[in-house]
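> Sequence and computational prediction follow.
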Amino acid sequence: MAKTVDTDDVLRNLASEAVKQGENVRTTVRDLTLKALQARELSLGQIKQVLKSVTAGVNLGAADAKIDVEKTLTAALAGMDDALLKAARASQVALQQLSRSGEDFEQSQMKTALNELQRLEDEFLKTVQEASEGAETQVKSQWAAVLRNTRTGGTETGAQVAATIQQYTTQAQAAMRAQREAGLKTAHLLTQNFATLASGVLIGMTEAMQQQSSAISGASKNRKD
């Protein structure tokens, strides 16, 4: 019987190797986290699981490698933040699509989506902190300092979420007024699973980013030639 591959184990091992390599940690962790998020629904529970696995891998890599631990952990956290920023923007696009649809959508679904989005930054830092509890003493100590500094300054994800919530509130109010005036009562199919919609948006955004990166690399190569 073939052995089942545990995707969380694979993610943890990849994050560990990225830290051991010690180069481009932020970018590598961002890409690993993004890829893992794309493979799942963009729900808070799934996001936390990805963060937990990535952090566990970072812990292992930081303990085994001869590196500047604080610098590496700061870079790894920034990489996760970069990935979550993309996720938050994907959620923003999904919310915009729904609020502009001019149709009556399921309020319970939207309330859940907004609630999870509002909790994203807190759950991000909380999950990393919890995952750091299993690290070696030095790594755990450095995580505490990095997380303390991050909580003071905030994350890019948190700033994006705040802007998204404010924007959505305005759009939702306008949409509801339009719904009442038009008397539209048809349920929007996309709202049946907000997490799936947001995940699809994230994949599209990431593919666009990769295409742009490839184009830049190709142009650079042509100039060298």
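Perfect, I can see it now.

> which parts of the helix or strand hosting residue 110 are buried?
Residue 110 belongs to helix 107-118 when elements are defined using DSSP states H and E. Residues of helix 107-118 classed as buried: 109, 110, 113, 114, 116, 117 (neighbour count, 16 or more other C-beta atoms under 10 Å). Using the backbone N, CA and C atoms, a C-beta is placed for each residue, glycine as well.

> Could you find the closest non-adjacent residue to residue 95?
residue 168 (4.7 Å; C-beta to C-beta, 6 or more residues apart in numbering).

> about what we covered before: counting by contacts, list what the helix holding residue 110 packs against.
Secondary-structure packing of helix 107-118 (3 or more C-beta pairs under 8 Å, 6 or more residues apart in numbering; DSSP states H and E): helix 69-99, helix 156-182, helix 194-224.

> average pLDDT for the shortest one?
Helix 156-182 shows an average pLDDT of 71 in the prediction.

> Going forward, the N-terminal residue is numbered 46.
With the count now opening at 46, the last piece we talked about shows up as helix 201-227.

> My guess is residue 107 contacts residue 120. True?
No: checked against C-beta atoms under 8 Å, the pair residue 107 and residue 120 is beyond contact range at 10.7 Å.

> quick one, which of those two is more surrounded?
Neighbours were counted for residue 107 and for residue 120 using other C-beta atoms under 10 Å; residue 107 has more, 26 against 22.

> What helix or strand is the more buried one located in?
helix 89-109.

> For the closest residue to residue 86 other than its chain neighbours, give me its contacts.
Counting by C-beta to C-beta, 6+ apart, the nearest residue to residue 86 once its immediate chain neighbours are dropped is residue 240, at 3.8 Å. Contact partners of residue 240, counting by C-beta atoms under 8 Å, 6 or more residues apart in numbering, are 86, 87, 88, 91, 158.

> Please apply the same query to residue 128.
Applying C-beta under 8 Å, 6+ apart, the residues contacting residue 128 are 74, 75, 76, 78, 79, 82.

> Show me what the helix or strand containing the fourth one packs onto, helices and strands only.
Spelled out, it's residue 78. If you go by DSSP H and E, residue 78 is part of helix 70-83. Counting contacts by 3+ C-beta pairs under 8 Å, 6+ apart, helix 70-83 packs against helix 52-66, helix 89-109, helix 114-144, helix 239-269.
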